[in-house]
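In: quick check, what structure comes out for this input:
(3 chains)
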Amino acid sequence: MGNKKEWPLWEVFVRSKNGLEHRHFGSLHAADAEMALENARDVYTRRSEGVSIWVVESEHITASNPEHNGELFEPAQDKVYRHPTFYDLPDEVKHM
Amino acid sequence: MSEQEVKNLEEIFEARIARDEKIEPKDWMPEKYRQTHIRQMSQHAHSEIVGMLPEGNWITRAPSLRRKVALLAKVQDEAGHGLYLYSATETLGISRDELYEQLHSGKAKYSSIFNYPTLTWADMGAIGWLVDGAAIINQVPLCNTSFGPYARAMVRVCKEESFHQRQGYEIMLTLCNGTEVQKEMAQDALNRWWWPSLMMLGPTDDMSVHTEQSMKWKLKRKTNDELRQQFIDQTVPQADILGLTIPDSDLKWNEETGHYDFGEIDWDEFWQVVKGHGPCNKERLQTRVNAWENGQWVRDAALAYAEKQSERKIKKAI
Amino acid sequence: MDKKDLIQYIETIADNSLILGQRMGELTGHGPTLEVDIACTNISLDLFGQVRSYFQYAAQLSNQEISEDDLAFLRQERAYKNVLLVEQPNRDFAYVIARQFLFDHYHFLFLKHLQNSEDETLAAIAKKSIKEVSYHKRFSSDWIIRLGDGTEESKQKIQTAVDDLWQYTQELFEPNEAEKAAEEKHIGVDIVSLQAEYTQNVGKVLQEATLTQPDLKFFQRGGKKGIHTEHLGYLLSDMQYMQRTYPNMKW
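Out: Residues are numbered from 1 along each chain as shown, chains lettered A, B, ... in the order given. Predicted coordinates for the structure are as follows:
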């Protein structure tokens, strides 16, 4: 027997406490979503690391290609006017 | 890609690492970098899961409830660490099943220390104290290694591992403060685990093939000999606190170097174990193979069920 | 309730967690996948955690004349009161899951009622433990369904395991002397009353798993009175090894 197919890979996102976003914690294998959640609970929250878990099958994630990093991300670098430090204010204006 | 293009990419790549930039899975990387990382990371992962066995051997016989839960949690952490490391390796485009296949066929290596038997309860103390101690020395620098997923996995591993060595040392301390029989048990365990622990830090620098390349890629920060010296220097005073004697008549403090001098390591024994002829090589591997083969029908069942469920969902939607 | 009787009652409850925890602990390092291995160890750890709470309470009741470890490791075989079900060996993963499943559903109902115990400590332990056991129940029920409704091979294996272990389920609902005494004092749970709901809950899962609920006329019992299957002796010789070989030492 044995079709020798592997359980799919899932990515695990955990919210450490309410008020914080879900953060990527790692991945694991599971046959289905329900099992992926249970496994994530057992693997990634053994030391009370979380209050909420998301799992998503890895193959459903679309990732940007690092070869396109130049066109994707570098154009943002010279748009300094998006940052507060771009604007000159007199020192007397303390909080703005 | 032309040879020149590859060379240019390699130069850019090496410069990134030299600048302490991290390499992520989808980034271009030299094939050798990929292969070296698959080899080292999977070897590390295999060591974690084979490493569960010598200690797992004492779970059913732990002497108190407190020790039993600590040991269970520790061995479980090793499964977790194996899992983190397999996952990190999988980002390089190899599946966990393929990695298992390499382990089970004997193609992949794991740390030789786990081919020694755990004969008494004191071995749980000695492993935690010495083997985890040596492992930490090896692992802490890896939190800063160049490959992002490996570095992140190691941060998690090191954080979780901090209790392991303390757990082991506490076992030793309790034995050494106990009866004569317990103290003898502790000394015997130190005698058996000391030399294999020193070997864990790898062959001497003049024998080590991978060191130079590994240094460049930050898979290593110090040489094997430097790490070994660090391990000895930190462990000898710990043995003194326990009142135990390190089984090396040549061991003595060297005022000039500021380090301990130590005796000759039996490298023949090391290579014998590496080549598969240690006391437990066959058993350890067989145990892993059995667990995997006995689990095949379980894994198949879960997949079959998942497939049926998604078919049912689709039918419902129609 | 007399302290000695209460300790007896605590043993009856805690021994189930102790022996099942020991069985689950045997699996560590040998699971069908790393993820499942980790999950099973978690169950073992939960169970041993419960054992420690129960036995530390018993130790306190004895004015520390006995310790949690005395209770766990130094009783005679006949003094262990666990049900026969939990001492059955890990023949394969199907037996591990079936045993867990058949016990979890009982354990959950039991703790649900123990939360109302007039003994505050037991009620508090139950409140904490029931969260763990709810998860165990979910884990084992999910696996019953996966294996039952998985492949032909898995279905046959899990059906065999359920069939074999079913003969040990009746004992769960037959109180021993300590349980009867504790129930009368509103400290213990009326376990007889749990059976109908148990059968219904277990039946629901078996049905979803496309498995057949066994229909048995003859059951095995005795664990609660210290009459065990032959398996317990071996389990104890491992578990008690250190305490027996090196008496009166600290570890």
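In: flag every buried residue along the lengthiest helix in chain A.
Out: Determined from DSSP state H, the single longest helix within chain A is helix A:33-44. Buried residues in helix A:33-44, counted by 16 or more other Cβ atoms under 10 Å in any protein chain shown: A:34, A:35, A:36, A:37, A:38, A:39, A:40, A:41, A:42, A:43, A:44. Placement of C-beta: from N, CA and C, glycine included.
In: which member of the residues you listed is positioned nearest residue B:103?
Out: Residue B:103 lies nearest to residue A:43 out of the buried residues of helix A:33-44, by Cβ to Cβ, at 20.0 Å.
In: wait, the closest one sits on residue B:83?
Out: Yes: taking contacts as Cβ atoms under 8 Å, residue A:43 lies within contact range of residue B:83: 6.1 Å.
In: shared neighbours of these two, anything?
Out: In terms of Cβ atoms under 8 Å, 6 or more residues apart in numbering or on different chains, residue A:43 and residue B:83 are both contacted by the residues A:28, C:35, C:38.
In: for the last one, pull up the helix or strand it's in.
Out: Looking back up the chat, that one is residue C:38. helix C:34-61 (DSSP states H and E).
In: show the subsequent helix or strand relative to that helix.
Out: Trace forward from helix C:34-61 with DSSP H and E and the next one is helix C:68-73.
In: for that next one, what is the average pLDDT?
Out: Per-residue pLDDT over helix C:68-73 has a mean of 98.
In: show me what the helix or strand following it is packed against.
Out: Next helix or strand after helix C:68-73 toward the C-terminus (DSSP H and E): helix C:84-87. For helix C:84-87, the packing partners by 3 or more Cβ pairs under 8 Å, 6 or more residues apart in numbering or on different chains; DSSP states H and E come out as helix C:3-26, helix C:93-114, helix C:231-239.
In: anything in the longest helix along chain B near chain C?
Out: For chain B, the helix with the greatest residue count under DSSP H is helix B:148-176. Yes: counting by Cβ under 8 Å from any Cβ of the partner chain, contacts between helix B:148-176 and chain C involve B:171, B:174, B:175.
In: verify the contact between residue C:216 and residue C:164 for me.
Out: No: Residue C:216 is beyond contact range of residue C:164, at 10.7 Å (criterion: Cβ under 8 Å).
In: which phi and psi values does residue C:67 adopt?
Out: phi -110, psi 170 (degrees, to the nearest 10).
In: need the nearest residue in space to it, chain neighbours excluded.
Out: Sequence neighbours aside, residue C:59 is the residue nearest to residue C:67 in space, at 5.3 Å (criterion: Cβ to Cβ, 6 or more residues apart in numbering or on different chains).
In: I'd say the one you found and residue C:72 touch.
Out: No: in this structure residue C:59 lies outside contact range of residue C:72 using Cβ under 8 Å: 10.6 Å.
In: these two: who's more crowded?
Out: Counted by other Cβ atoms under 10 Å in any protein chain shown, residue C:59 and residue C:72 do not tie: residue C:72 has more neighbours, with 24 against 19.
In: any idea how far that one is from chain B?
Out: Distance, residue C:72 to chain B, by Cβ to the nearest Cβ, to the nearest Å: 5 Å.
In: list the contacts for that residue?
Out: By Cβ under 8 Å, 6+ apart, residue C:72 lies in contact with B:65, C:18, C:51, C:55, C:239.
In: so what's the second one up against?
Out: Going by Cβ under 8 Å, 6+ apart, residue C:18 touches C:47, C:48, C:51, C:72, C:82.
In: distance of the first one relative to residue B:205?
Out: Going back to what we said before, that points to residue C:47. 49 Å (Cβ to Cβ, to the nearest Å).
In: that older thread, so which of the buried residues of helix A:33-44 also contact chain B?
Out: A:35, A:43.
In: redo the buried residues of helix A:33-44 as a markdown table? Include pLDDT and distance to residue C:147.
Out: Output for those, formatted as a markdown table (pLDDT from 0 to 100; distance: Cβ to Cβ, whole Å):
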| residue | pLDDT | distance to residue C:147 |
| --- | --- | --- |
| A:34 | 94 | 14 |
| A:35 | 96 | 12 |
| A:36 | 97 | 18 |
| A:37 | 96 | 19 |
| A:38 | 95 | 15 |
| A:39 | 96 | 17 |
| A:40 | 97 | 21 |
| A:41 | 96 | 20 |
| A:42 | 95 | 18 |
| A:43 | 95 | 21 |
| A:44 | 95 | 25 |
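In: just the closest of the buried residues of helix A:33-44 to chain B, please.
Out: Ranked by distance to chain B (Cβ to the nearest Cβ), these are led by residue A:43 at 5.9 Å.
In: look up how far residue B:94 lies from that closest one.
Out: 20 Å.
In: what does residue C:79 give?
Out: According to Cβ to Cβ, residue C:79 and residue B:94 sit 53 Å apart.
In: what's the answer for residue C:156, then?
Out: In terms of Cβ to Cβ, residue C:156 sits 34 Å off from residue B:94.
In: for residue B:269, give me its contacts.
Out: With contact set as Cβ under 8 Å, 6+ apart, residue B:269 has these partners: B:195, B:199.
In: got the CA coordinates for the helix or strand that contains it in PDB?
Out: According to DSSP H and E, residue B:269 maps onto helix B:267-272. Extracted in PDB, the C-alpha atoms of helix B:267-272 (Å, rounded to 0.1, in the frame of the first residue of the first chain):
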ATOM      1  CA  TRP B 267      39.800  10.000  16.500                       C
ATOM      2  CA  ASP B 268      39.800   6.400  15.400                       C
ATOM      3  CA  GLU B 269      36.700   5.900  17.600                       C
ATOM      4  CA  PHE B 270      35.200   9.000  16.100                       C
ATOM      5  CA  TRP B 271      35.600   7.800  12.500                       C
ATOM      6  CA  GLN B 272      34.400   4.400  13.400                       C
END
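In: report the next helix or strand after it in sequence order.
Out: On the C-terminal side of helix B:267-272, the closest following helix or strand by DSSP H and E is helix B:281-294.
In: what packs against that following helix?
Out: Packing partners of helix B:281-294 (3+ Cβ pairs under 8 Å, 6+ apart): helix B:31-50, helix B:52-56, helix B:96-104.
In: and the angle for it with helix B:31-50?
Out: If you take axes from the mean of the first three to the mean of the last three Cα atoms, to 10 degrees, helix B:281-294 sits at 90 degrees to helix B:31-50.
In: what is the mean pLDDT for the helix or strand following helix B:281-294?
Out: Remark: after helix B:281-294, the chain's next helix or strand is helix B:296-317, criterion DSSP H and E. Mean per-residue pLDDT for helix B:296-317: 94.
In: for the spatially most central residue of chain A, give me the pLDDT.
Out: Closest residue to the average C-alpha location of chain A: residue A:24 at 4.2 Å, with Cα atoms, centre = their mean. If you check residue A:24, the pLDDT there is 96.
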